[in-house]
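Student: Predicted model, plus sequence, below.
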Amino acid sequence: MFKSSPIRYTSLTLLAFATWISFCHGGAYLWLVLLLNPFGLILFENTLGHDESNEAYRGKGVLNFLLHFTLPMLVLLHLTAWWLVTPVDQDPFHFGYLIYRLFGFDLIQVKQSMTTAQWVVFVFNLGLINANMSLGVGHELSHRVKNRFSMATGRWLTAFAADAAFSIEHVVGHHAHVATEADPATARRGETVYGFILRSSLGQLQGAWHIEKARCERKHLLFWSLSNQLFRAYLMVGSILCLAYLVGQERAVGLFLITAIIAKSMLEMTNYIQHYGLTRLPKTPIESHHSWNTWVNLTNSVTYNLARHSDHHIEGSKPFYKLRFLENVPTLPYGYLTMIFLTLFPPLFKQIMEPVLRTWDRSFATEGERRLAHRHANEFGWNIF
């Protein structure tokens, strides 16, 4: 019953509310949210079972509402955070007074009582929830290319991670070139996550630039104009920066940039594990063995089935609630959240991935794909094959 219910997908919304409540109370609440996200999620995702069902989901209207509600919730989180970093004697736009009248939370007292350690936890909590909401939900909505409202919501969400290129390069570029050397968002075998984050970020920006240039030429549009979707995406980012400055001036702008960097880094860490070490020869079909999957309940509840990744790449426009459990596909040893955490420790990550990569080489890869994967491993000094 629970597996086919929209209730399971309230996880991210509830986590966002918990984060906002922690901002409004400060103190121990900030530490509790940190224990929940990410440490609690990592602990529980591997103990709450797997979902290997393909039941039809009920309440699709509720599911779509949850997706679109993410944007106003994210705006509220950022407005509250930007207000909190203003000087203790200021109440820009009477926001603190409004929150007190509506909910009874004394944000001024919170601002006055914050310690240095609590400020650090506060920034980290905002960065993590920003990653989950702006890029997790933004990814889902950016794929709904036939729905302008969903596309616009998705682009505003990714703008909170200052990732103007995502909705262009990911949908058009990554989904065409996945697992090939032409895809910057596919991690090479032996590559560490630290080098990958920079390579992938710059490569996707370059890819989005070329995609938009080609589209404008094909449609006879001026590239240096608002017809360019990449420019419009940067205007979205710029408008958020302006709003942050109006609320909290330089402090709020700095906070936005820090949390955007955290969110963007989390996105690239997710990209890293989704296709790590997998290869595909150019001009060959995209198949189910070109993505890593996990069927962990909590992972798929929080990420809107992102970890059913093979089916997502077979049909990128398919809504998350239609993504299927597939048998005999590459499967990670742990849930996505745990695997993302493990990427921070490259030797440990390689040790964990070695046996599943051997299985992929033996059971899934073609001869050409194996040769390419082994060449990548040798290039990065990982001579285990």
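Tutor: Received it, and whenever you're ready, just let me know what you need. Numbers count the residues shown, from 1 in each chain.

Student: Now the residue lying closest to residue 33 once chain neighbours are set aside, what are its backbone angles?
Tutor: Ranked by C-beta to C-beta, 6 or more residues apart in numbering and with sequence neighbours excluded, the top spatial neighbour of residue 33 is residue 22, at 4.4 Å. Where you see a C-beta, it was placed from the backbone N, CA and C, and this is true even at glycine. Geometry field for residue 22 lists phi and psi as phi -70, psi -30, criterion degrees, to the nearest 10.

Student: can you pull the contacts of the closest residue to residue 303 other than its chain neighbours?
Tutor: Of all residues beyond its chain neighbours, the one nearest residue 303 is residue 136 (5.4 Å), with distances taken as C-beta to C-beta, 6+ apart. Each residue near residue 136 by C-beta atoms under 8 Å, 6 or more residues apart in numbering is listed here: 12, 302-304, 306.

Student: any idea how far residue 136 is from residue 206?
Tutor: From residue 136 over to residue 206 the distance is 24 Å, taken as C-beta to C-beta, to the nearest Å.

Student: again, but for residue 150
Tutor: Here the distance between residue 150 and residue 206 works out to 26 Å (C-beta to C-beta).

Student: So these two - more neighbours on which side?
Tutor: Here residue 150 and residue 206 are compared on neighbour count by other C-beta atoms under 10 Å; more neighbours surround residue 150, at 19 against 14.

Student: wait, that one sits on residue 139?
Tutor: No - here residue 150 lies out of contact with residue 139, judged by C-beta atoms under 8 Å, at a distance of 11.7 Å.

Student: Next, the contact list for residue 270, please.
Tutor: Applying C-beta under 8 Å, 6+ apart to residue 270 gives the contacts 135, 306, 336, 340.

Student: Just the closest of these to residue 100, please.
Tutor: Nearest to residue 100 among those is residue 135, at 32.1 Å by C-beta to C-beta.

Student: Looking at the closest residue to that closest one other than its chain neighbours now. What's its pLDDT?
Tutor: With C-beta to C-beta, 6+ apart as the criterion, residue 135 has its nearest non-adjacent residue at 4.5 Å, and that residue is residue 267. Looking at residue 267, its pLDDT stands at 95.

Student: re earlier: need the contact list for the residue nearest to residue 33.
Tutor: 29-30, 32-33, 125.

Student: Check it and give its pLDDT.
Tutor: According to the per-residue confidence, residue 22 scores 97 in pLDDT.

Student: where are the low-confidence patches of the stretch 1-150 of the chain?
Tutor: When the per-residue scores of the stretch 1-150 of the chain are filtered using pLDDT under 70, the ranges that remain are 1-5, 56.

Student: where do the strands sit along it?
Tutor: Along the stretch 1-150 of the chain, no stretch is classed among the strands by DSSP state E, counting those that start in this stretch.
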